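In: Quick one, what's the 3D model for this:
(one chain, ligands or ions: 1)
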Amino acid sequence: MSDPGIPPHDAVHPPDRERVDGAGTVQGMVISLESVRAGYGGIEVLHDVRLFAGPGDVCALLGPNGAGKSTTLRVVSGRLAIGGGLVVIDGAAIRKPQPARLAADGMCCIPEGRGVFPNLTVEEHVSLWSGRRRAERRDLMNAVAERFPVLGSRRRQLAGSLSGGERQMLALSRSLRPGVRALVCDELSMGLAPKIVEELYGYLAGLARSGVTVIVVEQFADMVLSIATRASVLVGGRIRLAGTPGEVRAGLHDAYLGGGPEAPVSVT
Ligand code: ATP
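Out: Numbering: from 1, shown residues only. Predicted coordinates:
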């Protein structure tokens with residue numbers, strides 16, 4: 001079955017490092033999963049998963065609890081070995097977990113639960129993420145304060161005492177580091193008020209406009225589909241639906257209710 005939203009595999013070889021013109025733009029990463037199988041302790045969780053995101057894309061990965069969304073992000077960010085299929089990032093096949101190399105190449109991963117340390121201040125997080133040089137720390141702190149003013153005014157506050165929305169802003173601030181070319185983010189909206197979620201999605205949309213490749217996992221479709229350029233629905237470890245945000249919105253109900261993992265993949 002073909003999916004017009006996903007280019008043929010040879011379209012990602014060599015890497016399509018499309019230049020996006022304008023101040024502050026970056027070259028995004030091309031991320032491609034083909035027939036990926038992966039799991040834990042011999043139990044397969046992902047079955048033949050296909051996913052593509054290129055520079056400037058916001059790829060929404062939707063699906064119910066336990067569908068395998070976080071597992072897919074672990075594969076993308078190089079933290080989980082695959083049992084079959086192909087993961088190609090920037091034209092190179094990733095054959096074994098290598099999160100440090102992918103991070104050095106510009107992949108920023110925000111795990112579920114926000115990936116911040118409650119006992120460190122905002123400023124200490126910024127120090128962790130920036131280089132050793134004081135100027136780099138200062139520049140990143142300035143970028144964080146400019147993009148998220150509330151964090152600028154709370155730079156000496158412990159992350160554990162920030163609100164949920166502020167903690168998610170802090171987690172996303174890692175993507176303001178120079179050299180970030182892809183952001184993969186798990187459950188961005190979890191437990192947050194709609195207004196905050198809207199602001200955070202505005203941030204993701206801006207990142208993508210600058211050329212960064214964004215993959216975001218969500219259980220709730222509405223907000224993410226309003227900024228996504230492509231979307232996939234994962235059910236029972238299989239991509240049940242993939243296409244444009246409009247196509248996925250139209251088929252979402254059926255995809256969620258479409259039966260168990262053995263139901264046929266419906267690709268618009
Ligand atoms: P949720 O929205 O609830 O986080 P999800 O779509 O992100 O769900 P995953 O977290 O990827 O789903 O989990 C998919 C399946 O893999 C589940 O059955 C889960 O129990 C299992 N699983 C996830 N992590 C592990 C692990 N570390 N060890 C063993 N099984 C795991």
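In: Where do the domain boundaries of the protein fall?
Out: The chain breaks down by automatic domain parsing into domains covering 12-106+180-257, 117-178.
In: Deepest in the core, which of those domains is it.
Out: domain 12-106+180-257 (a mean of 19; mean count of other C-beta atoms under 10 Å). The C-beta positions use only the backbone N, C-alpha and C, and glycine is treated the same way.
In: With respect to the ligand, which of the domains of the chain lies nearest?
Out: The ligand sits nearest to domain 12-106+180-257 of all the domains of the chain, at 3.3 Å, using C-beta to the nearest ligand atom.
In: tell me what the helix or strand containing residue 169 is packed against?
Out: Element membership of residue 169 [criterion: DSSP states H and E] is helix 164-173. Using 3 or more C-beta pairs under 8 Å, 6 or more residues apart in numbering; DSSP states H and E, the elements in contact with helix 164-173 are helix 122-129, helix 134-147, helix 149-152, helix 194-209.
In: of all the residues in the stretch 51-200 of the chain, which ones are close to the ligand?
Out: Proximity of the stretch 51-200 of the chain to the ligand is confined to 63, 65, 66, 67, 68, 69, 70, 71 under the rule C-beta under 6 Å from any ligand atom.
In: Surely the fourth one touches residue 235?
Out: Looking back up the chat, that one is residue 67. Yes - in this structure, residue 67 is within contact of residue 235 by C-beta atoms under 8 Å, at 5.5 Å.
In: hang on, residue 28 packs against residue 89?
Out: No - using C-beta under 8 Å, residue 28 is not in contact with residue 89; the gap is 11.2 Å.
In: shared neighbours of the two, which are they?
Out: When contacts are counted by C-beta atoms under 8 Å, 6 or more residues apart in numbering, residue 28 and residue 89 have no shared neighbour.
In: can you pull out the strands in the stretch 1-150 of the chain?
Out: 31-40, 43-53, 58-62, 84-89, 92-93, 107-110 (DSSP state E, counting those that start in this stretch).
In: List the contacts of the second one.
Out: Outside strand 43-53, the residues that touch it by C-beta under 8 Å, 6+ apart are 3, 5-7, 12, 30-39, 59, 61, 68, 71-72, 75-76, 83, 85, 182, 213-215, 230, 232, 234, 236-239, 242, 261.
In: Sheet partners, orientation included, of it?
Out: strand 31-40 (antiparallel) (DSSP bridges).
In: which regions of the stretch 151-268 of the chain lie under the pLDDT threshold?
Out: The stretch 151-268 of the chain contains residues with pLDDT under 70 at 258-268.
In: hey, where'd the strands end up in it?
Out: Going by DSSP E, counting those that start in this stretch, the stretch 151-268 of the chain shows strands at 182-186, 213-218, 230-235, 238-243.
In: looking at these, which is closest to residue 206?
Out: strand 213-218 (10.2 Å; C-beta to C-beta).
In: With only the CA atoms kept, save the closest one in PDB.
Out: Below are the C-alpha coordinates for strand 213-218, written out as PDB (Å, rounded to 0.1, in the frame of the first residue of the first chain):
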ATOM      1  CA  THR A 213      12.600  18.600  12.000                       C
ATOM      2  CA  VAL A 214      10.000  18.000  14.700                       C
ATOM      3  CA  ILE A 215       8.400  14.700  15.700                       C
ATOM      4  CA  VAL A 216       5.900  15.000  18.500                       C
ATOM      5  CA  VAL A 217       3.900  12.300  20.300                       C
ATOM      6  CA  GLU A 218       0.400  13.100  21.400                       C
END
